[in-house]
Each structure stands twice: as C-alpha cells, then as structure tokens.
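1. show me how the following folds:
(one chain, ligands or ions: 1)
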Amino acid sequence: MSLLATAIKRSSFRLFSNSITKRTMHIFSIPMWEGTGNNYAYLVTDDKSKEAVIIDPANPLEVLPYLKDKTDSGDIKLSKIINTHHHHDHAGGNAEIIKYFKLPIIGGKDCDKVTTTPEHKSTFNVGDNIKVTALHTPCHTQDSICYFFEDGSDKAVFTGDTLFIGGCGRFFEGNATEMHKALNETLASLPDDTKVYPGHEYTKGNVRFAKKVLDNDAIRRLEEYAKDNKETQGKFTIGDEKQHNVFMRVNDPNIQALVGHDEPVQVMKTLREMKDRS
Ligand SMILES: [Zn+2]
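-> You can find the predicted model right below:
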C-alpha cells in the first residue's frame, strides 16, 4: 500500500471512529409544577437520528407545547413515553399525551396505559446510539424502574422517586431492605461517572436533613451548589451520591453511631424514619 493510501485509510478510520464515539445523547429538562411538586420531565434525544423519548411527562399543559414545537419543526421524532413509576405526578399525563402522539408507553405494571414493562436489566435502544437498561428498584412503589442511558462514554440514570440528589423517595409500597438494595446494590453498581436525573428538585431539603446526620466535605459542597442553583439535576453523579447522600452511606461509622445501628438495613430504616419526621 502506498504512503498516501495508508494516510487516507488512517484518516478515514479516524473519522469513522470519531463518528461512533461522538456524544449524541441530548437531555433536556422540563420543570413541572414549579414551586409545588417541583417535578421534572426529561426529553432525551439521539441527536443523529433525532429519535427521542419523553420521560414522565406528567403535566401535559407544560410538556405538550414543547413536544409539539419540537416535532413540528422536525427537530425530534418522538418514539416512546417512559415512566419511572405509576404515581400521578409521573404517569398521570400519559392518557392526554397519547391523544396527540401515538406512542408506546414503557413503564412499571401500574402505570396508566402502559404497553410494555421491561424486565429487570433488559435493554432497548433510542436511535442508533443510545442504549437504555431498565433497572427494577421496587420500594417507593413496587413498579419503580430506573433507566440507565449510555451513549459511548456519556452516561445518565433517570431515577424517578427512588434516588434524589442527596436523598431518596419515601417507602410507600416497600421497606428498608428494598431501598437498601435499590440504592446500594442496583444503582451503586452503575459507573461512578453516571449523571443522576431524579424525578423532583428536592436537593435543598435533602441537604438540610443530611447536615443533621453527617458532616463531610461532599455535603458542604452540595449545600453550596444548591444555595446558588435552582436546578441540580444532571449536575451530580452516582460517585457524588456515594459521598453526599446519607442513604448511600449506611456503612459510614459516624452515621451508624448516630442512629445506634451498624446493620445497613436498620440504618436505612432509621434514617428514613428520621427524614419522615424532619
Ligand atoms: Zn412517586
């Protein structure tokens, strides 16, 4: 092979490898019920194919105008509704949304109008580049599912009301054993650089509670960030949660001393009871 041909081959290989590793996952947050529920819906788009999914579009009044605008302009091709759990402020918009967009609904078994409930650890794709893994995390509700999105090295997890930045959801349909498994086995096993996108903006309240339980640099950093920023979704990772989220620090000796238990599930149970009373 001539030198020139080798150079061309190298550069085309480089082009090709760039194109397959280039980040194309685009995440857009849509705040809903700001000032009361402080929920988030998320539109995730594979920029290359324009295929998009909408996660927990619970308030159609706030979400539909945006979806119509983006589809009418050809910016996105909406392919699915995804629900993290059946609660009305997450799945309650499905019926209205499907009047305008004929979409399958991926979610837990109790979600309104659900068409498919993915198995634990099963996968599906969004466009050519994004791989989604469904992770069953029963506790807040029995049908809670977190969704791990990967686009090359870009990683995000949509956690509904299971994991919040600096906190976790209430145990409405489950117990401490289940939340311990959800947070400290299932979600903790994701790569540390996975960005966390929860169902609500609850960070300020979570930091207030965390400070009563533990004093560390990560909690102080989170407090500073929440003081200066109204929105915290996507700004912290699973690795950060392991440092600043007291529900992911059930093995921390300082927390164990405070709650008077050293068994992780008991620590989880006591922390949640304290938070519920706070
Ligand atoms: Zn909920």
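2. taking the stretch 151-278 of the chain, what residue is nearest to the ion?
-> D161 (3.6 Å; Cβ to the ion). No exception for glycine: its C-beta is placed from N, CA and C like everyone else's.
3. my read is that that residue contacts H140, right?
-> Yes - with contact defined as Cβ atoms under 8 Å, D161 counts as touching H140 (4.6 Å).
4. show me whatever sits in contact with both of these two.
-> The contact sets of D161 and H140 overlap at 85, 169-170 (Cβ atoms under 8 Å, 6 or more residues apart in numbering).
5. quick one: the helices in the stretch 1-150 of the chain?
-> 3-21, 60-72, 88-91, 94-100 (DSSP state H, counting those that start in this stretch).
6. could you give me the PyMOL selection string for whichever of the shared contacts of D161 and H140 are buried?
-> Only the buried members of those enter the following PyMOL selection, criterion being 16 or more other Cβ atoms under 10 Å:
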select buried, resi 85+169
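7. which residues are in contact with G93?
-> G93 sits in contact with 56-60, 63, where contact means Cβ under 8 Å, 6+ apart.
8. and it, its phi and psi?
-> phi -100, psi -10 (degrees, to the nearest 10).
9. you'd agree A91 is up against G107?
-> Yes - the pair A91 / G107 is scored as a contact, 6.2 Å apart, by Cβ under 8 Å.
10. between those two, which one's more packed in?
-> G107 (32 against 28; other Cβ atoms under 10 Å).
11. out of everything not next to it in sequence, what's closest to the more buried one?
-> N83 (3.1 Å; Cβ to Cβ, 6 or more residues apart in numbering).
12. count of residues packed around that neighbour?
-> N83 has 31 nearby residues by other Cβ under 10 Å.
13. can we start the residue count at 819 from this point?
-> Fine by me, first position is 819 from now on; the one you just mentioned is N901.
14. make sure it is actually in contact with D907.
-> No - contact criterion Cβ under 8 Å: N901 and D907 do not qualify, at 11.1 Å.
15. helix or strand: which one has the most centrally placed residue in the chain?
-> For the chain, F976 is the residue whose C-alpha lies nearest the centre (Cα atoms, centre = their mean; 1.5 Å). For F976, the element it lies in under DSSP states H and E is strand 972-978.
16. now that strand: buried residues?
-> 972-978.
17. let me know the closest of the residues you listed to L885.
-> F976 (17.1 Å; Cβ to Cβ).
18. tell me the pLDDT of that closest one.
-> As predicted, F976 sits at a pLDDT of 98.
19. and if you look at the one 5 residues further on?
-> As predicted, L981 sits at a pLDDT of 98.
20. now the one 5 residues further on
-> For C986, the pLDDT comes out at 98.
21. ok, P849 next?
-> In this prediction P849 is given a pLDDT of 97.
22. okay, and the beta partners of it?
-> Y858 (DSSP bridges).
23. check contacts around it.
-> Contacts of P849 by Cβ under 8 Å, 6+ apart are 856-858, 880, 1019, 1049.
24. show the buried residues in these.
-> 856-858, 880, 1019.
25. which one of those residues is nearest K1030?
-> For those, the nearest to K1030 is E1019 (20.3 Å; Cβ to Cβ).
26. before we move on, back to that, near the ion too, which of the contacts of G911?
-> Near the ion, judged by Cβ under 5 Å from the ion, there are no entries from the contacts of G911.
27. wait, which of the residues you listed is closest to L1032?
-> Using Cβ to Cβ, these come closest to L1032 at D874, 30.0 Å.
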